[in-house]
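Visitor: Fold the following, please.
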Amino acid sequence: MSTQTTQTQTTQTQPGLWSNWAGNQTARPRRVVAPGSVAELAEAIGAATSDGLPVKAVGSAHSFTSIAATDGVLIRPDRLTAVRGIDHAAGTVTVESGLGLEKLNQLLEHAGLALTNMGDIMVQTVAGATSTGTHGTGRASGSLAAQIKALEIVLADGTVTQCSPTENPELFQGARLGLGALGVVSAITFGVEPAFLLTAHEQPMSFDEVVGRFEELATGNEHFEFYWFPHTEGCSTKRNNRSEGPAAPLPNFKKWLDDDFLSNTVWEGACRVGRALPKTIPGIAKIASKAWSERTYTDVSYKVFTSPRRVRFVEMEYAVPREAATTVLRELKRLVERSDWKVSFPVEVRVAPADDLWLSTANGRDTAYIAVHLYRGTADQGYFTEVEKIMTAHQGRPHWGKLHTRDAAYLAKAYPHFADFTALRDRVDPERRFANDYLRRVLGD
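Guide: Next up is the predicted model:
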């Protein structure tokens, strides 16, 4: 397959500087390709092979790591957005890899269906979100990748391959959460269920109360999460549980005031002040921790799971064994209290049940996720480094799309099926067509 053929059948753009959503990762690919069909995607990969170029696919660029960066061929799935089929009887929907999660949720709502669980944003593409392990919080429901029933992937030799628990099961086991290391996912079949309502109960609590009741809150609610505001004793908790209805969404003005104006516009301004004048951050944090009052509302599930997030930041998130969560949180709080850091962003805590995906951060163990953030442009000054020491001391597994310094030697010990994944990679991509610096660090050569 020649490069010329690819140029006539796919959309290519002139090379330029690529950057991610947060602006902390950049790359300059040799060429950018936006295939309009699976055949064109296979052809683009074949052309890259002929030219000896690496290939990476990128969705909404919402990862904080360089997982999608390449100096070779960057695949944009912007035109791979078709809905291939909805099967109400089987409880599945099949969509192409570039479809955004927001669009997916809207079409499912129209069809009277829903994903069982969601993360807290929906700006990602379906393949980007699943390939990096995007998750929400859930007592018994796991990540987006854990909801995959089958997928289609284009391998390094250009073969379009279907996989599921019964067809190419080993490839399926690895590719559901494959980091882009095995090929380019072109379509995904998700398990879905009849649409449902969630009632959200948001309530301020003290740090000691939340940590003291953590197991009760995590097991007593279908979906529980909370934010702790550093330099304060304040937390904001959220409990989401299924409801028979009727729907009682927030009034439009209240939703705009709380979730748009306060959580984005005002918060952006506060973060800018804190970045310019770090000494103001503890005072801002105390105000912020008291700004969110108790509220309850009932709405369509994805509208409760997700919120707009327009304030840009960088993030590190670790998955620790759930039984270690409260110990880790107390250590983290003491770390902040004895430091000179001024941390404007809250710490986010979520949970997930054990699953069987080889590279899932919840593989084989009930999990608590603890995420730390810095406003974009804020100097780290050791915050992430010291937090990472706590996480790794408790068998932490880093989120694949969020900042960390772990390498293959560490991760091989953290994941029981790490060797199974790398052996699969050796078979399907022996020439490392889909490699980049990040994958070489976390998976090895």
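Visitor: Output the below-cut-off pLDDT ranges for the stretch 101-250 of the chain.
Guide: Under the criterion pLDDT under 70, no range of the stretch 101-250 of the chain is flagged.
Visitor: residue ranges of the helices in it, please?
Guide: With helices called from DSSP state H, counting those that start in this stretch, the stretch 101-250 of the chain shows them at 101-110, 126-131, 169-175, 207-212, 214-220.
Visitor: Which positions in the third one come out as buried?
Guide: Residues of helix 169-175 classed as buried by neighbour count (16 or more other C-beta atoms under 10 Å): 171, 172, 173, 174, 175. The way it works is simple: take the backbone N, C-alpha and C, and place the C-beta from them, glycine included.
Visitor: returning to what we had before: let me have the helices of the stretch 101-250 of the chain in a markdown table, adding distance to residue 392 as columns.
Guide: A markdown table is the format used below for the helices of the stretch 101-250 of the chain (distance: least, C-beta to C-beta, whole Å):
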| stretch | distance to residue 392 |
| --- | --- |
| helix 101-110 | 30 |
| helix 126-131 | 24 |
| helix 169-175 | 24 |
| helix 207-212 | 21 |
| helix 214-220 | 21 |
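Visitor: Now do residue 395 against residue 384, distance only.
Guide: 18 Å (C-beta to C-beta, to the nearest Å).
Visitor: Same check on residue 198?
Guide: Distance from residue 198 to residue 384, by C-beta to C-beta: 33 Å.
Visitor: just residue 296 next, same as before
Guide: 35 Å.
Visitor: the more surrounded of residue 198 and residue 384?
Guide: With neighbours defined as other C-beta atoms under 10 Å, residue 198 and residue 384 compare such that residue 198 has more, 22 against 19.
Visitor: wait, isn't the more buried one in contact with residue 298?
Guide: Yes - Residue 198 lies in contact with residue 298 (C-beta atoms under 8 Å); the separation is 6.9 Å.
Visitor: any common contacting residues for these two?
Guide: Residues touching both residue 198 and residue 298 (C-beta atoms under 8 Å, 6 or more residues apart in numbering) are 243, 304.
Visitor: quick one on the thing from earlier: mind putting the buried residues of helix 169-175 into CSV with distance to residue 162?
Guide: Output for the buried residues of helix 169-175, formatted as CSV (distance: C-beta to C-beta, whole Å):
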residue, distance to residue 162
171, 9
172, 9
173, 14
174, 14
175, 11
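Visitor: Out of these, the closest to residue 99 would be?
Guide: residue 175 (17.5 Å; C-beta to C-beta).
Visitor: Distance of the closest one relative to residue 185?
Guide: Counting by C-beta to C-beta, the gap from residue 175 to residue 185 is 7 Å.
Visitor: same deal with residue 40?
Guide: From residue 40 to residue 185 the distance is 15 Å (C-beta to C-beta).
Visitor: Of those two, give the one with the bigger neighbour count.
Guide: residue 185 (28 against 19).
Visitor: what's the residue nearest to residue 264 when sequence neighbours are not counted sitting at in phi/psi?
Guide: Excluding the flanking residues, the one nearest residue 264 by C-beta to C-beta, 6 or more residues apart in numbering is residue 310, at 4.6 Å. As for residue 310, its main-chain torsions (degrees, to the nearest 10) stand at phi -110, psi -10.
Visitor: Just the pLDDT for residue 310.
Guide: Note for residue 310: predicted pLDDT of 89.
Visitor: Over to the one 5 residues further on?
Guide: The score at residue 315 is 98. That number is its pLDDT.
Visitor: Can you tell me who it pairs with across the strands?
Guide: residue 373 (DSSP bridges).
Visitor: burial count for it?
Guide: 19.
Visitor: Verify the contact between it and residue 64 for me.
Guide: Yes - Residue 315 is within contact range of residue 64, at 5.5 Å (criterion: C-beta under 8 Å).
Visitor: Now for the two: what residues contact both?
Guide: In contact with both residue 315 and residue 64: 402, 403, using C-beta under 8 Å, 6+ apart.
Visitor: domains for the protein, by residue range?
Guide: 3-75, 83-194, 197-405 (automatic domain parsing).
Visitor: Tell me how far the shortest one lies from the chain's centre.
Guide: Remark: domain 3-75 is offset 21 Å from the chain centroid, using C-alpha atoms, centre = their mean, to the nearest Å.
Visitor: repeat for the last one
Guide: The chain centroid and the centroid of domain 197-405 are separated by 14 Å under C-alpha atoms, centre = their mean.
Visitor: ditto for the second one
Guide: Here the centre of mass of C-alpha atoms in domain 83-194, compared against the chain's by C-alpha atoms, centre = their mean, lies 13 Å away.
Visitor: re earlier: so how many other residues sit close to the residue nearest to residue 264?
Guide: Neighbour tally, residue 310, other C-beta under 10 Å: 11.
Visitor: ditto for residue 202
Guide: 17.
Visitor: Strands of the stretch 51-200 of the chain, start to end?
Guide: All strands of the stretch 51-200 of the chain, identified by DSSP state E, counting those that start in this stretch, fall at 55-57, 73-75, 83-87, 92-96, 113-114, 148-154, 160-163, 184-191, 193-194, 197-206.
Visitor: Among those, show me which one is buried the most.
Guide: Stretch with highest mean neighbour count among these: strand 55-57 (a mean of 27; mean count of other C-beta atoms under 10 Å).
Visitor: Mind giving me the packing neighbours of that one?
Guide: helix 38-51, strand 73-75, strand 184-191 (3 or more C-beta pairs under 8 Å, 6 or more residues apart in numbering; DSSP states H and E).
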